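Colleague: Need a 3D model of the sequence below.
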Amino acid sequence: MERLFRVEYYSPRVREDIESWPVDLLARCDELLDLLEDHGPQLGAPHSKAMGGGLFEIRPRARSGIARAFYCFCSGRVITVLHAFVKKTQKTPTRELLIARERLRNVKRHG
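Modeller: All right, here's what the predicted structure looks like:
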């Protein structure tokens, strides 16, 4: 079955960061990205959350921890994963959000 959307990465480093996660968290992230390719903006809680201003996050959780991957919808049916990290605290660190928002601005400006 052909996917409705296609996932791309802001840079190779973003995918490398995700691939460095514990295997169960990586597997869950990839499952959520597959769901995102199938459902696009219709994918909602608990898998995805709108962060405002066109920024969204997927919320992988596994035995080894919790992670976040920020993404946006680009022209056509492209989803760009902007930034990803493993959470160490309950609240998403401001620095991680700032990185994602800056990359979102870059994507919108150039893309």
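Colleague: And what about the residue nearest in space to the middle of the chain, helix, strand or coil?
Modeller: Nearest to the geometric centre of the chain sits Ala69, at 3.0 Å (CA atoms, centre = their mean). When classified by DSSP: H, G, I helix; E, B strand; the rest coil, Ala69 comes out as strand.
Colleague: ok, it to Arg105 distance?
Modeller: As judged by CB to CB, to the nearest Å, Ala69 and Arg105 stand 18 Å apart. Every residue, glycine included, has its C-beta placed from N, CA and C.
Colleague: what sits against the residue nearest to the residue nearest to the centre of the chain when sequence neighbours are not counted?
Modeller: Of all residues not flanking Ala69 in the chain, Ala84 sits nearest, at 3.9 Å (CB to CB, 6 or more residues apart in numbering). Under the criterion of CB atoms under 8 Å, 6 or more residues apart in numbering, the neighbours of Ala84 are 14, 17-18, 29, 67-70.
Colleague: TSV for those, including pLDDT and distance to Val78?
Modeller: Putting the contacts of Ala84 into TSV (pLDDT from 0 to 100; distance: CB to CB, whole Å) gives the following:
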residue	pLDDT	distance to Val78
Val14	98	14
Asp17	96	20
Ile18	97	18
Cys29	97	18
Ala67	96	22
Arg68	96	20
Ala69	97	15
Phe70	98	15
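Colleague: State the next helix or strand along the chain beyond the helix or strand in which Cys72 is found.
Modeller: Element membership for Cys72 (DSSP states H and E) is strand 65-73. Using DSSP H and E, the helix or strand that follows strand 65-73 in sequence is strand 78-86.
Colleague: Arg77: how many residues sit nearby?
Modeller: For Arg77, the neighbour count with other CB atoms under 10 Å is 12.
Colleague: what residues are up against the closest residue in space to it that isn't next to it in sequence?
Modeller: Leaving aside its sequence neighbours, Arg77 sits nearest to Phe5 (CB to CB, 6+ apart; 4.6 Å). By CB under 8 Å, 6+ apart, the contact list for Phe5 reads 36-38, 40, 73, 77-79.
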